[in-house]
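[1] No sequence on hand, only this structure:
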Ligand SMILES: Cc1cc2nc3c(=O)[nH]c(=O)nc-3n(C[C@H](O)[C@H](O)[C@H](O)COP(=O)(O)OP(=O)(O)OC[C@H]3O[C@@H](n4cnc5c(N)ncnc54)[C@H](O)[C@@H]3O)c2cc1C
C-alpha cells in the first residue's frame, strides 16, 4: 500500500516540478504592493498565513527563497534541515490540516517526501501558487512610516525594494544551527545535524552524535547500518516515547481523558516505563525534570539499538584532542566524524531585533505572534508544543487574518484585542515548569495555547 503512495508520489513530483518551473518563469513582478501584505516563507506556517489571508480577502504576495512550497519538508530547499530517513515525528492525524486530511492510504508517520507533496497539494487545492514568488529571498524588512520596506533578491530579477502595507513573517525556527563551543580541537570531520543528508555519509566511519533530541536520535540510528561505530553523547536525561502504544500512534492515545497535570505526568511516565523501560538502564542519565517539561523524544529504535549493543551512550563532552574525545566521566574514544545535533537558534536575519520586541532568547510577542504596538507585522510558526500540528499553525494565521480584517471593519473585539496585545502575556505554560533552554523559549502548552488563540479568533466578528 505504502509503495503505491511512493510510486504515485515520484511521478506526481516530476510533473509538479515542471509545471511550477514553467509558472515561475512567466511570473510577473509584484505590483500594487502598498495595498498588500508580504508573506515570508512557504512552509506550513507561510501556507497557513496565505490561506487565512485569502479567506478573509486580504491581498498579499508570498515570497519563498526555495523553489516550491513545503518549507523544510522540501529537501531541495536551500534551508531544509531534512535528511533522507526523516519522517513525521507526530502522527498524521495529529499533524494534518483539519480541512485537508492526508490521504487515507498514507502511513501513520509519513516520510518527508510525502509531506513535501502534501504541502504542494495543499497549495494547489487552495490556489496559492498565483500569489507566490519562488527563488525570492527577503534580504531586509524595515519600517517606513506606517508601512514596511521589503527588499527582495531573485537570481534573474536582481534585488528590488517594495513598499508593503504589512508583513507576515513565517521563516521557520530551524534554520540557524546552534554550535556550542568545546575545549580543544577535533581534527576529524565535524558537521551540524542541519548539514546531514544521508546515512551513506557514515560508511566505515567511527561516528559520535552529540545531543539526543529527535534529530540526534534519528541520526545515530541511521549511523548503525553504515558506521564502523555509532555513539551518542548526552548531558541530560530524556523521556523516550515510542511511536506506537497498544498498536496505535502514541500521540493519538489518551486524548479524550484529561488528567490533571501532575497526575498526567506520573501516569504517562509509568506507561512509558512499561513500554520502553527505564532509560537509565540503557546508560542515559536520569532526567532532572518531570515528563513534558521538555519536548519529548519520539523514537522507538534508539533504545532497541542500544539494547543490541549497536549504539553506546557516552557522557557529556569534556574536551577534544585530535580524533580523541574525552568525556566527563574520564572515558575517551576515537572518532572520525562528529555530528552536532545541538539544535537551532531563533533567527530573523532580515529584520532588526528592535522591530520584533526581542527580550532575552526570543522576540516577546503576544501569543508568540503579535507585536505590542504594530498592527501590521506578525510572526507565524514561532511556537513549539508537542502535537501542535499544522492545524495549530493555521489557527495562529486565522487569528492574524481576522485581526487585520476586524480592525479594518472597526470590530469591537478586534479593538479589545489590540489593547490586550500591548499588555502582559497570558500564561501559556499550562502549569508545566519548562526547562530553561533556548529552544524552550517559544514552547507552549498545546491545549492552553490553542484554546486562547481560537477563542480570540472566534470573538472577532467579520459579518458587518
Ligand atoms: C526532521 C524533522 C522532523 C520534524 N517533525 C515534525 C513533526 O512531526 N511535527 C511537527 O509539528 N513539526 C515537526 N518538525 C518541525 C518543523 O519545524 C515544522 O514541521 C514546520 O516545518 C515548521 O513550519 P514553518 O513554516 O514555521 O517553517 P519551515 O518549514 O522552516 O519553513 C520556512 C520557510 O521560509 C523560507 N524562508 C526562510 N527565510 C527566508 C527568506 N529570507 N526569504 C524567503 N524565504 C525564506 C524557507 O526557505 C522555508 O521554506 C520537524 C522538523 C525536523 C527538522
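    Right, received. Where do you want to start? The structure displayed is predicted, hence computed values, not measured ones. Numbering: from 1, shown residues only.

[2] Not counting sequence-adjacent ones, nearest residue to residue 126?
    With sequence-adjacent residues excluded and distances taken as C-beta to C-beta, 6 or more residues apart in numbering, residue 126 is closest to residue 51, at 4.9 Å. The way it works is simple: take the backbone N, C-alpha and C, and place the C-beta from them, glycine included.

[3] before we move on, what about residue 67?
    residue 134 (5.4 Å).

[4] Give me the distance between residue 227 and the ligand.
    Distance from residue 227 to the ligand, counting by C-beta to the nearest ligand atom, to the nearest Å: 19 Å.

[5] Can you list phi and psi of that residue for me?
    phi -80, psi 160 (degrees, to the nearest 10).

[6] what's the answer for residue 123, then?
    Per-residue torsions, residue 123: phi -60, psi -40 (degrees, to the nearest 10).

[7] Around the nearest residue to residue 79 once chain neighbours are set aside, how many other residues sit close by?
    Leaving out its chain neighbours, the residue that sits closest to residue 79 by C-beta to C-beta, 6+ apart is residue 175, at 4.7 Å. Here the number of neighbours of residue 175 (other C-beta atoms under 10 Å) works out to 19.

[8] How about the one 10 residues further on?
    Residues near residue 185, counting by other C-beta under 10 Å, number 10.

[9] so what's it up against?
    320, 321, 322 (C-beta atoms under 8 Å, 6 or more residues apart in numbering).

[10] In three-state terms, label the residue in the stretch 351-464 of the chain that the ligand sits nearest to for me.
    Residue of the stretch 351-464 of the chain nearest the ligand, by C-beta to the nearest ligand atom: residue 381 (2.7 Å). Classification of residue 381 using DSSP: H, G, I helix; E, B strand; the rest coil returns coil.

[11] For it, which residues are in contact?
    41, 43, 44, 45, 46, 48, 170, 172, 173, 393, 396.

[12] Quick one: the residues you listed as CSV, columns for neighbour count too.
    Formatted as CSV, these follow (neighbours: other C-beta atoms under 10 Å):
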residue, neighbour count
41, 26
43, 29
44, 30
45, 29
46, 31
48, 28
170, 27
172, 25
173, 21
393, 23
396, 30
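
[13] Quick check: residues of the stretch 51-200 of the chain near the ligand?
    Residues of the stretch 51-200 of the chain lying near the ligand by C-beta under 6 Å from any ligand atom: 63-66, 71-73, 77, 79, 81-82, 86, 88-90, 95, 137-138, 170-172, 174.

[14] Does residue 160 have any beta-bridge partners, and if so which?
    With DSSP bridges as the criterion, residue 160 is bridged to residue 152.

[15] From here on, call the first residue 19.
    Sure, I'll start numbering at 19, so the last one becomes residue 178.

[16] Tell me the pLDDT of it.
    As predicted, residue 178 sits at a pLDDT of 97.

[17] wait, it sits on residue 167?
    No: counting by C-beta atoms under 8 Å, residue 178 stays clear of residue 167, with 11.1 Å between them.

[18] about what we covered before: what does the residue nearest to residue 97 show for phi and psi?
    Torsion angles, degrees, to the nearest 10, at residue 193: phi -120, psi -30.

[19] can you pull the contacts of it?
    Residue 193 neighbours (C-beta under 8 Å, 6+ apart): 90, 97, 99, 212, 362, 365.

[20] buried subset of those residues?
    90, 97, 99, 212, 362 (16 or more other C-beta atoms under 10 Å).

[21] can you tell me how far the first one sits from residue 150?
    Distance, residue 90 to residue 150, using C-beta to C-beta, to the nearest Å: 17 Å.

[22] any low-confidence regions in the stretch 19-168 of the chain?
    19-45 (pLDDT under 70).
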